[in-house]
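Chemist: sequence and predicted structure are below.
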Amino acid sequence: MRILEILLTLSAFLLFFQQKMPKKWAFPLAVASIGLLAGQLVFEGYRWQMVFVYLIALFLSLTVFFGKKLRMSMWKPLRYGLSFLMFALLLLSVFLAVYLPVFHLPKPDGAYAVGTKTFHLVDQNRDEVLTKDPDDKRELMIQVWYPAQQQNGEKLQPLFPEDRFFDQYIGNFAEQLHVPAFALDYWRYIRTNSYENAEISSSENRYPVVVISHGFGTSRLLHASQAENLASHGFIAVAIDHTYSTMATAFPDGRVTGLTTEQYMNGVSENSAKLGNIWTQDAEFVIDQLKNLNGRSFKGKIDLDNIGMMGHSFGGATAFNTAYSNQNIKAGINMDGSLYNIGDKQAISKPFLFMESSSFITIRNKALSGNISEEEIKNSGLTKEAFHNMIEERKKEYSIIDNASMVYIKGTEHYNFTDFQLFSKVLKWIGMTGEIDGGRGADIVNQYVLDFFNKHLKGVGGDLLKKPNPSYPEVKFPKK
């Protein structure tokens, strides 16, 4: 909870005991509560989780001024019942405010301030196959985070687009998460650690690049803290929104696209190779565009000789596919993503890291050893035949990642490799994230990502990936 929210809630709780207070205390407390209510709405901003606190603080403050006769004339059981109800609603508001919090992205631990720019790219050489219009060309939004000159007193950027974009953008997220749009309205207050259009730092001649690919149906914005941390350590991070495969993508002309890929694919799982090729071409197009961006917007600071790529889920598989085929990429990371389009690929010859969730490793080991129950197969959401086909694919995968590194993080689930783990502890209860604390999970992912790219794009570090580290006991090194 934010500071004025906490103070307002405390004042509301204290007002329950106004009849036992001296009048000289009750009146100032009521005045303070109304002042805190006004201040909270003006300076921090309304959010629906606090609505019962707002109403109860106002009601109890007014009873201090005007309610003595009303309290005396009210039937005693009714008065006690109303007090109990208000107390319960106050606790509910606190619960919602704590478990659906307004938060800021974790502060990066590098030496650089972080700047960010957003770009609209159009690939005139590719027809868009995920829309009905045959004249459409493939359009992408990308966001770049980079080391910036120190900022003094500048305003940090919100995570989500503001103004005309916000309502539709969040509406798309809400639709995919199956919640009413108002439930996500408070996301407007989430702040990043980035300064929009800040000047790139002149401390180094050039900065290595890491391209980031999100998972199917998520967003580049769910990797913002990873990008910020890399930028703070002297990397340029470039995150792609794979259009029509995100929850929402906002374009400069006011369009906001959503997740419509399945309408054109007859099921993504059946056409993963086809979609994977689209995403791989997205990544290759963005890499090709870096040369233009380097001269136009980044003063030649992008080190085009040292490019890495990382991604989560389907984006992680895309990172592997792109790294395998694109000579410009020197190293890559797949975060909890199954590979697609492996065909006749040989063992990858580039440095590559697989970061897996603990539940994935558990199921994988059971399946490969044959010690998995019918119930566990059923719980996977696949038929028995589909599950065994998947395991055969896994065996093929491990033949082509023989030279790659692998770690898994104990206590994680699939979305612990995104910023979703920071949004709410409720996600643990529905299985989207694991038992590990979200902040801790984010820090571990950031440290191992940084260590890997430091080694392979800068030629320094690499110690975390040599062996288990006592500072990160959650990180395990499984046998492939």
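Modeler: Structure received.
Chemist: which one is K117 nearest to, not counting chain neighbours?
Modeler: Once flanking residues are discounted, K117 sits nearest to V144: 5.1 Å by CB to CB, 6 or more residues apart in numbering. Placement of C-beta: from N, CA and C, glycine included.
Chemist: and the residue nearest to M335 when sequence neighbours are not counted, what does it touch?
Modeler: Spatial nearest neighbour of M335, chain neighbours left out: F417 (3.9 Å); criterion: CB to CB, 6+ apart. When contacts are counted by CB atoms under 8 Å, 6 or more residues apart in numbering, F417 touches 312-313, 335-336, 355, 357, 445.
Chemist: which pLDDT value belongs to F417?
Modeler: We have a pLDDT of 97 for F417.
Chemist: how close does it get to W279?
Modeler: Distance from F417 to W279, counting by CB to CB, to the nearest Å: 17 Å.
Chemist: who touches the helix or strand harbouring V238?
Modeler: According to DSSP states H and E, V238 maps onto strand 236-241. Applying CB under 8 Å, 6+ apart, the external contacts of strand 236-241 come out as 140-147, 207-214, 219-220, 223-224, 226-228, 230-231, 249, 282-283, 286, 290, 298, 301-303.
Chemist: PyMOL command for the buried members of those?
Modeler: The PyMOL selection below is limited to those of those classed as buried (16 or more other CB atoms under 10 Å):
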select buried, resi 140+141+142+143+144+145+146+147+207+208+209+210+211+212+213+214+219+220+223+224+226+227+228+230+231+249+282+283+286+290+298+301+302+303
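Chemist: can you tell me which of the contacts of strand 236-241 end up in helices?
Modeler: 224, 226-228, 230-231, 282-283, 286, 290 (DSSP state H).
Chemist: pull the most distant pair out of those.
Modeler: Pairwise distances across those (CB to CB) peak at 22.1 Å, for the pair E228 and D282.
Chemist: correct me, but F16 touches S83?
Modeler: Yes. Using CB atoms under 8 Å, F16 is in contact with S83, at 6.8 Å.
Chemist: sketch out the low-pLDDT regions of the protein for me.
Modeler: Counting by pLDDT under 70, the chain has low-confidence residues at 67-76, 79, 266-270, 367-368, 370, 376-403, 480.
Chemist: list the strands paired with the top strand by length along it, with their directions.
Modeler: For the chain, the longest strand by residue count, based on DSSP state E, is strand 113-127. Applying DSSP bridges to the sheet, strand 113-127 is found paired with strand 137-148 (antiparallel), strand 194-196 (parallel).
Chemist: format these as a markdown table; extra columns: distance to G115.
Modeler: Conversion of the strands paired with strand 113-127 to a markdown table gives the following (distance: least, CB to CB, whole Å):
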| stretch | distance to G115 |
| --- | --- |
| strand 137-148 | 3 |
| strand 194-196 | 5 |
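Chemist: so what's D419 up against?
Modeler: Contacts for D419 (CB under 8 Å, 6+ apart) come out as 105, 221-226, 442.
Chemist: now for L121, how many residues are close by?
Modeler: Here the count is done by other CB atoms under 10 Å, and L121 has 17 residues near it.
Chemist: then the one 3 residues further on?
Modeler: Using other CB under 10 Å as the criterion, Q124 is surrounded by 7 other residues.
Chemist: do the same with the one 10 residues further on
Modeler: The burial metric for P134, expressed as a neighbour count using other CB under 10 Å, is 8.
Chemist: for the residue nearest to it when sequence neighbours are not counted, list each beta-bridge partner.
Modeler: Spatially, and ignoring its direct neighbours in sequence, P134 is nearest to D127 (7.2 Å; CB to CB, 6+ apart). Legend: beta-bridge partners of D127 under DSSP bridges are K137.
Chemist: surely D127 is in contact with I278?
Modeler: No. In this structure, D127 is not within contact of I278 by CB under 8 Å, at 11.0 Å.
Chemist: list the contacts of I3.
Modeler: By CB under 8 Å, 6+ apart, I3 lies in contact with E44.
Chemist: please redo it, this time with the cut-off set to 10 Å
Modeler: By CB atoms under 10 Å, 6 or more residues apart in numbering, the contact set of I3 is 40, 43-44.
Chemist: ok so, going back, how close does the residue nearest to M335 sit to H223?
Modeler: Plainly put, F417 is 9 Å away from H223 if you go by CB to CB.
Chemist: what touches both of the two?
Modeler: In terms of CB under 10 Å, 6+ apart, F417 and H223 are both contacted by the residues 215, 310-312, 315, 335, 445.
Chemist: among those, name the ones in strands.
Modeler: Among those, the members found in strands (DSSP E) are 310-312, 335.
Chemist: which of these tops the neighbour count?
Modeler: When neighbours are counted by other CB under 10 Å, G311 leads these with 32 neighbours.
Chemist: pretty sure that one is touching D282, no?
Modeler: No. G311 is not in contact with D282 according to CB atoms under 10 Å; the separation is 11.1 Å.
Chemist: buried sites along stretch 53-60?
Modeler: 53-57, 60.
Chemist: sec struct for D133, please.
Modeler: Of the three states, D133 takes coil under DSSP: H, G, I helix; E, B strand; the rest coil.
Chemist: what's the neighbour count on it?
Modeler: Neighbour tally, D133, other CB under 10 Å: 8.
Chemist: what sits in contact with each of F16 and S83?
Modeler: Both F16 and S83 are in contact with L60, where contact means CB under 10 Å, 6+ apart.
Chemist: and the residue nearest to D463 when sequence neighbours are not counted, what element?
Modeler: Nearest non-adjacent residue to D463, counting by CB to CB, 6+ apart: D451, 6.8 Å away. Assigned by DSSP H and E, D451 belongs to helix 438-453.
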